[in-house]
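Trainee: Sequence and predicted model, in that order:
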Amino acid sequence: MKNMNQNIIVIDLKSTKSVNDILDLLKVNKLMSLDAKKLFASKQNGYLKVFIDDKTFDTIAFVHKDDKSKIKPTKSYLANLSKLESISLDVINTNESIENLSIDDILDKISLSGLNSLTKSEKNFLSENSKK
């Protein structure tokens, strides 16, 4: 088991042969809140590695014996990713005050990066100036 990132736990199930092996692995790594039986069932179903969020202990991805070269995210993890709000590099200079914005600058940004790339202040500016 390796901690790949500060918030992802990677459990290698290949070398485990029983629930007790997994229990030992969890004890040594102070991860007793994980379910050893469930992890062993995953191994029996062909999973070689399991990637777990260290805060929620949700499985976020796995490697299966049918395709050892790919890390496959779980459906629930993908659903959560799609709900995240993105950040973007503003086309408009971030040091520029809202008074210096122009509708053309904002429309350029929308054409380059899409409507979701606008900040709240840019959306407000566009909304207020479209009423004039």
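Mentor: Thanks, I have it. Residues are numbered from 1 along each chain as shown.
Trainee: Tell me how many other residues surround the spatially closest residue to H64 that is not a sequence neighbour.
Mentor: Distance criterion C-beta to C-beta, 6 or more residues apart in numbering; nearest residue to H64, sequence neighbours excluded, is G46 at 5.3 Å. All C-beta atoms are positioned from the backbone trio N, CA, C, and that covers glycine. G46 has 12 neighbours, counted by other C-beta atoms under 10 Å.
Trainee: likewise S33?
Mentor: 7.
Trainee: who's in contact with Y47?
Mentor: Counting by C-beta atoms under 8 Å, 6 or more residues apart in numbering, Y47 touches L13, F62, V63, H64, K65.
Trainee: Show me what whichever helix or strand D21 is part of is packed up against.
Mentor: Counting by DSSP states H and E, the element that carries D21 is helix 19-28. For helix 19-28, the packing partners by 3 or more C-beta pairs under 8 Å, 6 or more residues apart in numbering; DSSP states H and E come out as helix 36-44.
Trainee: Which parts of the helix it packs on count as buried, going by neighbours?
Mentor: A36, L39, F40, S42, K43 (16 or more other C-beta atoms under 10 Å).
Trainee: one step back: how about CSV for the contacts of Y47, with distance to D105, neighbour count and secondary structure added?
Mentor: Formatted as CSV, the contacts of Y47 follow (distance: C-beta to C-beta, whole Å; neighbours: other C-beta atoms under 10 Å; DSSP: H, G, I helix; E, B strand; the rest coil):
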residue, distance to D105, neighbour count, secondary structure
L13, 53, 21, coil
F62, 45, 21, strand
V63, 46, 21, strand
H64, 48, 15, strand
K65, 53, 11, helix
